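# no sequence on hand, only this structure:
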């Protein structure tokens, strides 16, 4: 397979260094009975990150008093400094949260809404995010409005103009994904933020798929809030995420669980201090984030991003050849990164997803979105072209069987 692809200069994989890619992928321990194409939902960490987390867990379990009283706060701040540099955010505008959902809840619980106010989301948003803002709006008599984006996507201008044309004088917040979950689209969030700011509308970006999948400069986006999980493309441990809050909003941000903030007698000196200590818990996922950053930087972020996109593009081409159905975005890294998203013929989503796993050992999400069925293929360092070929062959057989 590798030789055939290398010789085919028209292949998306023609320029991929397979030896380097395969060597990097050995850091994962994916079960041998599994072909795993769902890093975008649940991204497992590589060996060095697992080892780092175990060391922090040992520090806690072997001497809890030393860990909580002396080690915790310096380690928390050191890890936050490294993450802030990696994502392009001011250190004092960043806190750790368990995942993007936790961060979104903090924003929804803290952002002031009044009766009649409006929060606008797009029709590509993650279901949990919709529920979070529906509850926040119901609490005060505000409303959630869903803005439909034009399909297929063609230009940044059309996408941004379509979204902004659907806000009203009552709109106080736009909630938008950096990379959408059900459709794997990279949205032009910087342009959305710029136009929203001109209208006096705040923007909260749901960004769990962005860190490491694409270059990220959070401060440069001009958003008011940015929340993300680090267990996806960055491959930090499960339970690690962050929330960025622009300076003007920080005085109003409240922790969902109020505790000491900092252990006494240390005083609360900033908004982020309230999130440092929220009770006795396992902090090892946060403190292992620098190890995930170090691993991805050692692999080479540019190498990873280009290679993962090349694999996703290869998967997309094979799947389009199979289904003869066109994806919703242009074939460009400006619109999708490490996830191939392709329409499928009508059918039962759950039965097809279960059959791929039960009959072929392939884990890949089949998504129902806006009344159509799609496949979303995540590509990371442990994935190979041979695995993609097995997926396409399995899908061909199952679709022929009426799945």
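That came through fine. Note that the coordinates shown come from a computational prediction; the quantities given were computed from them, not determined experimentally.
# next, the contact list for residue 143, please.
116-119, 137 (C-beta atoms under 8 Å, 6 or more residues apart in numbering). All C-beta spots, glycine's among them, are computed from the backbone N, C-alpha and C.
# among the residues you listed, which lie within helices?
residue 137 (DSSP state H).
# the contacts of residue 143 into TSV, with extra columns for pLDDT, neighbour count and distance to residue 220?
Formatted as TSV, the contacts of residue 143 follow (pLDDT from 0 to 100; neighbours: other C-beta atoms under 10 Å; distance: C-beta to C-beta, whole Å):
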residue	pLDDT	neighbour count	distance to residue 220
116	98	11	33
117	98	17	28
118	98	19	27
119	98	26	24
137	98	20	30
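# ok, the contacts of residue 143 vs residue 189, which is closest?
Nearest to residue 189 among those is residue 119, at 16.5 Å by C-beta to C-beta.
# relative to residue 224, how far out is the closest residue to that closest one other than its chain neighbours?
Closest residue to residue 119 apart from its sequence neighbours, by C-beta to C-beta, 6 or more residues apart in numbering: residue 173 at 4.6 Å. Between residue 173 and residue 224 the distance is 8 Å, computed by C-beta to C-beta, to the nearest Å.
# in this protein, where's the longest helix?
helix 301-323.
# that helix packs against which elements?
Contacting helix 301-323 under the criterion 3 or more C-beta pairs under 8 Å, 6 or more residues apart in numbering; DSSP states H and E are the following elements: helix 18-25, strand 339-344, strand 372-378, helix 385-400.
# now do the buried residues in the helix or strand just after the shortest one.
Scanning forward in sequence from strand 339-344, with DSSP states H and E defining helices and strands, the next element found is helix 349-360. With burial defined by 16 or more other C-beta atoms under 10 Å, the residues of helix 349-360 counted as buried are 349, 352-353, 355-356, 360.
# what segments of the stretch 51-200 of the chain are strands?
Per DSSP state E, counting those that start in this stretch, the stretch 51-200 of the chain carries strands over the ranges 94-97, 118-122, 143-147, 171-177.
# against which helices or strands is the shortest one packed?
Spelled out, that is strand 94-97. Strand 94-97 packs on helix 72-87, strand 241-245, going by 3+ C-beta pairs under 8 Å, 6+ apart.
# adding mean pLDDT, distance to residue 49 and mean neighbour count, write those out as CSV.
Converted to CSV, those look like this (pLDDT from 0 to 100; distance: least, C-beta to C-beta, whole Å; neighbours: other C-beta atoms under 10 Å):
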stretch, mean pLDDT, distance to residue 49, mean neighbour count
helix 72-87, 98, 13, 18
strand 241-245, 98, 15, 26
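# which one of the ones you listed lies closest to residue 377?
So among the helices and strands packed on strand 94-97, strand 241-245 is nearest, using C-beta to C-beta, at 23.8 Å.
# model confidence over the helix or strand following that closest one, on average?
Sequence-wise, the next helix or strand downstream of strand 241-245 (DSSP H and E) is helix 284-287. For helix 284-287, mean pLDDT is 98.
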